[in-house]
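> all I have is the shape, not the residue letters:
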Ligand code: SF4
């Protein structure tokens, strides 16, 4: 592995001020270790409205933030059109905000529920303003353990 000093000999470290926005806690995957998810009928299940998301971005801008990380549960019904509207809305209203979002399991399920390929999901969201995606969602790399704690989770 190359050392940081080798790649950046001037010793400069940069960072971004980023806010995680969990746009929904509704998820059908039911990982055993997860205290976050809810089912659609639970009293405290939610999907944030665009106005609620805007309010969170306004707070981020007030402290000099430049990036949001969208991450949710794996909603059983939201299709590509909802995500396109979301990304387009943010990109149009907040052009200075970098939209980083959607883990591999979310992207995989958006493709499945929308009956399109993952490549199409990515290209359509990129066209609306998605800048990058996180490397989250693997949870654990041992298939044996994963089959016990998160058996419904795809190996994306
Ligand atoms: S996929 Fe994510 S949100 Fe859903 S149950 Fe598993 S860890 Fe929780």
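The structure has been received and is ready for your questions. As the structure is a prediction and not an experimental result, all values here were calculated from the model.

> now do stretch 59-71, average pLDDT.
If you average the pLDDT over stretch 59-71, you get 97.

> how long is it end to end?
Stretch 59-71 has an end-to-end distance of 18 Å (Cα to Cα, to the nearest Å).

> so what secondary structure elements neighbour the worst-scoring helix or strand of the chain on mean pLDDT?
None of the helices or strands of the chain scores lower by mean pLDDT, DSSP states H and E than helix 143-149, at a mean of 81. Using 3 or more Cβ pairs under 8 Å, 6 or more residues apart in numbering; DSSP states H and E, no helix or strand is in contact with helix 143-149. (Each C-beta comes from the backbone N, C-alpha and C, glycine too.)

> just how off-centre is it within its chain?
Centroid separation for helix 143-149 versus its chain: 23 Å, with Cα atoms, centre = their mean, to the nearest Å.

> any regions of the chain where pLDDT drops low?
Low-confidence segments of the chain, defined by pLDDT under 70: 1, 137-139, 154-156.

> where do the helices sit along it?
Taking DSSP state H, the helices of the chain run over residues 4-7, 50-62, 80-93, 104-114, 118-128, 143-149.

> briefly note if the last one comes near the ligand.
It refers to helix 143-149. No: judged by Cβ under 6 Å from any ligand atom, helix 143-149 makes no contact with the ligand; its nearest approach is 9.2 Å.
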